[in-house]
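>>> Please work out how this folds:
(chains A and B)
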Number of protein chains: 2
Amino acid sequence: MNARVASLDRIFHALGDASRLGMVEHLSRGEASVKELARPLDMGLPSVLKHLRVLEDSGLVRSTKTGRVRTYRVEPGALAAIDRWVSRRRAGWNRRFDRLDALLAEEDDTPPTRKQP
Amino acid sequence: MNARVASLDRIFHALGDASRLGMVEHLSRGEASVKELARPLDMGLPSVLKHLRVLEDSGLVRSTKTGRVRTYRVEPGALAAIDRWVSRRRAGWNRRFDRLDALLAEEDDTPPTRKQP
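Here you go, the predicted model:
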């Protein structure tokens, strides 16, 4: 886990807004400036900057400033953290079905005489 | 995509809270009643039910009622939707690096005489 990536609830909170989700999708196609990120959005610059602040605080995006232009990019470590979380949840889910399968197999092995005492 | 699963921003919003995230982790280990889900949490039943409502509205969990007991379980379709979203973002990220690799390879192929006109 990248130490600069926030806890998962903060990462999910940052993605839990259609505008911010759109910004991350935009940035996953390549880095972009504030102006480029703002263009498709129907909101003022202060709102755009507020959303970018939430994304950057969560560790989902990083920015660097060159002259007067601030450029944003996706932090792959945050996407990897989500990926790991989902994999662990699905593993838990699969283990449950494996246990169920084992129980059913055990049931099949039980001699019929014991099923009808 | 499961039609009963909400849009991704709502799924992410539902996970963007430590208590709700904990509930989904609990449920990924097996179905549970409201009482079982409330036990490790330091909050009243109305708050627990409110969080469960947000999770259920997002399609992340489902519930069924048997007598007086309501049992919750994870909806694997919602986890799969997150998985697909992350995969697509990472694919976009990898494509960028493939393009960069291609550009660098092109650069290598350029005869030195053209690099120093």
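
>>> got the residues of chain A near chain B?
Listed as neighbours of chain B in chain A under the rule C-beta under 8 Å from any C-beta of the partner chain: A:7-10, A:12-18, A:21, A:24-25, A:28-30, A:74, A:76, A:79, A:82-83, A:86, A:88-90, A:92-93, A:96. In this view, the C-beta of every residue, glycine as well, is placed from N, C-alpha and C.

>>> Make sure A:Arg89 is actually in contact with B:Val24.
Yes - contact status for A:Arg89 versus B:Val24: in contact at 6.9 Å, counting by C-beta atoms under 8 Å.

>>> shared neighbours of those two, which are they?
Residues touching both A:Arg89 and B:Val24 (C-beta atoms under 8 Å, 6 or more residues apart in numbering or on different chains): B:Val74.

>>> for the closest residue to A:Arg73 other than its chain neighbours, phi and psi?
Excluding the flanking residues, the one nearest A:Arg73 by C-beta to C-beta, 6 or more residues apart in numbering or on different chains is A:Glu31, at 4.2 Å. In terms of degrees, to the nearest 10, the main-chain angles of A:Glu31 are phi -60, psi 160.

>>> repeat for A:Thr64
According to degrees, to the nearest 10, A:Thr64 has phi -130, psi 150.

>>> Provide a list of residues in contact with the closest residue to it other than its chain neighbours.
Nearest non-adjacent residue to A:Thr64, counting by C-beta to C-beta, 6+ apart: A:Thr71, 5.7 Å away. Taking C-beta under 8 Å, 6+ apart, we find A:Thr71 in contact with A:Glu31, A:Ala32, A:Ser33, A:Ser63, A:Thr64, A:Lys65.

>>> mind checking pLDDT for A:Glu107?
Looking at A:Glu107, its pLDDT reads 74.

>>> ugh, wrong one, A:Ala3
A:Ala3 is given a pLDDT of 42.

>>> cool, and the one 4 residues further on?
Per-residue confidence at A:Ser7 stands at 92 (pLDDT).

>>> Tell me who's in contact with A:Asp17.
A:His51, A:Val54, B:Asp9, B:His13.

>>> buried subset of the residues of chain A next to chain B?
A:8-10, A:12-17, A:21, A:24, A:28, A:74, A:76, A:79, A:82-83, A:86, A:89-90, A:92-93, A:96 (16 or more other C-beta atoms under 10 Å in any protein chain shown).

>>> Count the residues that sit near the residue nearest to A:Arg73.
16 (other C-beta atoms under 10 Å in any protein chain shown).

>>> Does A:Met23 touch A:Leu37 like I think?
Yes - using C-beta under 8 Å, A:Met23 is in contact with A:Leu37, at 5.5 Å.

>>> Of these two, which one has the most company?
For A:Met23 versus A:Leu37, neighbours defined as other C-beta under 10 Å are more numerous around A:Met23 (27 against 22).

>>> which ones are touching the more buried one?
Contacts of A:Met23 (C-beta under 8 Å, 6+ apart): A:Leu37, A:His51, A:Leu52, A:Leu55, A:Val61, A:Tyr72.

>>> and if we set it to 6 Å?
A:Leu37 (C-beta atoms under 6 Å, 6 or more residues apart in numbering or on different chains).

>>> doesn't it fall inside a strand?
No - using DSSP: H, G, I helix; E, B strand; the rest coil, the secondary structure at A:Met23 is helix, not a strand.
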